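1. below are the sequence and a predicted model for it; my questions follow.
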Amino acid sequence: MNPTLSTPASADLTVVALLAGLLGRLESSTTAVSPTQYREVVSRLSNALIEADAHPQLRAVLDAHPAAAELYENLHYDQAGLCRSPLDAALSAEMRAVKAIENARRGTHAGG
């Protein structure tokens, strides 16, 4: 039997890590980013995240790449909600959103 350099699972995680890093750089770029390029990176990362979903080290990659973690959370929102967000932060964001919607319906500003 020939030894392999990497298993498919570790190869998938390498792709996830590389694309996650690229997405982070695109999101923090001070120069304009092509929407087509951005969509392509997000699409490829989404597919890679789905393929690597059961990988035991995926959490560490997501912890290191906030933009990829947010994408992962969005991919699983229908099943787990804000599964990677701390509960306090998620609840606070939801309460702010409800207040903003109420203010918008009344035609008032968020501060007033």
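-> Looks like it came in fine.
2. just checking, next helix/strand downstream of the lowest-mean-pLDDT helix or strand in the chain?
-> Ranking every helix and strand in the chain by mean pLDDT, DSSP states H and E puts helix 77-80 at the bottom, with a mean of 58. Using DSSP states H and E, the next helix or strand after helix 77-80 towards the C-terminus is helix 87-106.
3. show me what that next one is packed against.
-> Helices and strands in packing contact with helix 87-106 are not found; criterion 3 or more CB pairs under 8 Å, 6 or more residues apart in numbering; DSSP states H and E. Every C-beta, even on glycine, is put in place using the N, C-alpha and C of the backbone.
4. state the distance from residue 76 to residue 44.
-> Distance of residue 76 to residue 44, given as CB to CB, to the nearest Å: 18 Å.
5. where does the chain dip in pLDDT?
-> For the chain, the stretches with pLDDT under 70 are 1-11, 77-91, 108-112.
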